[in-house]
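A.B. asks: Got a sequence here, can you build the structure:
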Amino acid sequence: MQQTRPPVLVLGATGGQGGAVVDALLTHRSPVRALVRDPASPAARRLRSRGVEVVPGSLDDRDSLSTAMRGVANVFAVTTPFEAGAEAEVAQGRAILGAAGDARVPHLVLSSVAGADEDSGVPHFESKAVIERELVAGQVPHTILGPVYFFDNALGGKRQILEGVLELPLPADRPLQQLARRDLGRFAAAVLLSPEAFAGRRIELASDDPTPARMATALGSALGRQVRHEEIPLSSIDDPDMHAMWRFLADKGYRVDLPALHGAHPDLSWTSFADWASMSMEDES
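C.D. replies: Residues are numbered from 1 along each chain as shown. I've put the predicted structure just below:
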């Protein structure tokens, strides 16, 4: 009689990162368990329709996390400061790490952020750095992934893009390392399914490093009409966290060694910004 493999638990499964991890795991026919706040939500129902086991819980509730982690193969975890702030994100991280210890999780894959170990001064980098340090200091077997800026973030200004303008607080020729969520999902799935090769490592991830000028050209090609880059002043960004992030990106910036990363993992078929733009703007052209 064939034994069923234990599931991989994905936290944040209804979000961009967790959803990409679920997609990749299902491609590998891995059993998946998803922690969701509302099991009756449309997003949770969609997961269930794909064969995902859905369990209730919250990222800041250690008890529900511990329950969800029992009997799993491994765990993918992501935290967020964008709902309740950086302190709340640290609380989420501590609840996750505590629950992983309670449940004796075999391996935890934590999605943090590239640059979190560089004293960046960016609030949502610094909160993730606290979680990273506490994970490394603990006993839970782990791998830390550091994604850079996601391609999809450009769509925050989608209305302007459709009107022919890509607004970014960077010079036209300044490369910006970026990542496709699909690439994050596939990399995380590779770690979750074969964690031994990645144990104890911190790996920063980037798919491409287009300049704003190249981004505008790619978006224009995808739409079939001209898109131009417009450099907006950093002073126009009122949110302190986002202001600090763009200051960091304009100064130090991410420092992923793309040739080394892609050379070490050629099987992942890393996504170029142009290919992502073509797929993302398919219905808009």
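A.B. asks: in this protein, which helix or strand is least confident?
C.D. replies: helix 158-162 (a mean of 91; mean pLDDT, DSSP states H and E).
A.B. asks: Contacts made by that helix with the rest, please.
C.D. replies: Contacts with helix 158-162, where a contact means C-beta atoms under 8 Å, 6 or more residues apart in numbering, come from Ala154, Leu155, Leu166, Glu167, Leu219, Leu223, Val227, Glu284. C-beta coordinates here come from the backbone N, C-alpha and C atoms, glycine included.
A.B. asks: so what's Ser64 closest to, chain neighbours aside?
C.D. replies: Gly57 (3.2 Å; C-beta to C-beta, 6 or more residues apart in numbering).
A.B. asks: scratch that, Asp241
C.D. replies: Pro123 (4.6 Å).
A.B. asks: Give me the distance between the one you found and Ala43.
C.D. replies: The span separating Pro123 from Ala43 equals 28 Å under the rule C-beta to C-beta, to the nearest Å.
A.B. asks: Settle it for me: which of those two has more neighbours?
C.D. replies: More neighbours surround Pro123 than the other of Pro123 and Ala43, with 20 against 16 (other C-beta atoms under 10 Å).
A.B. asks: Contact partners for that one?
C.D. replies: For Pro123, the contacting residues are Pro81, Ala86, Pro240, Asp241, Ala244, by C-beta under 8 Å, 6+ apart.
A.B. asks: which stretch of helix or strand covers Arg182?
C.D. replies: Element membership for Arg182 (DSSP states H and E) is helix 181-193.
A.B. asks: and that helix, how far out from the chain's middle?
C.D. replies: The chain centre lies 10 Å from the centre of helix 181-193; the measure is C-alpha atoms, centre = their mean, to the nearest Å.
A.B. asks: I'd like to know the average pLDDT value across that helix.
C.D. replies: Averaged across helix 181-193, the pLDDT comes to 97.
A.B. asks: For the helix or strand just after it, give me every contacting residue.
C.D. replies: Per DSSP H and E, the first helix or strand lying C-terminal to helix 181-193 is strand 202-205. With contacts defined as C-beta under 8 Å, 6+ apart, strand 202-205 is touched by 114-115, 117, 132, 143-148, 179, 183-184, 187, 254-256, 261.
A.B. asks: Of the contacts of helix 158-162 - the most surrounded one?
C.D. replies: Within those, most neighbours by other C-beta under 10 Å means Leu219, with 28 neighbours.
A.B. asks: Do a quick rundown of the helices in the stretch 151-285 of the chain.
C.D. replies: Taking DSSP state H, counting those that start in this stretch as the criterion, the stretch 151-285 of the chain contains helices spanning 158-162, 181-193, 212-223, 240-250, 258-264, 273-280.
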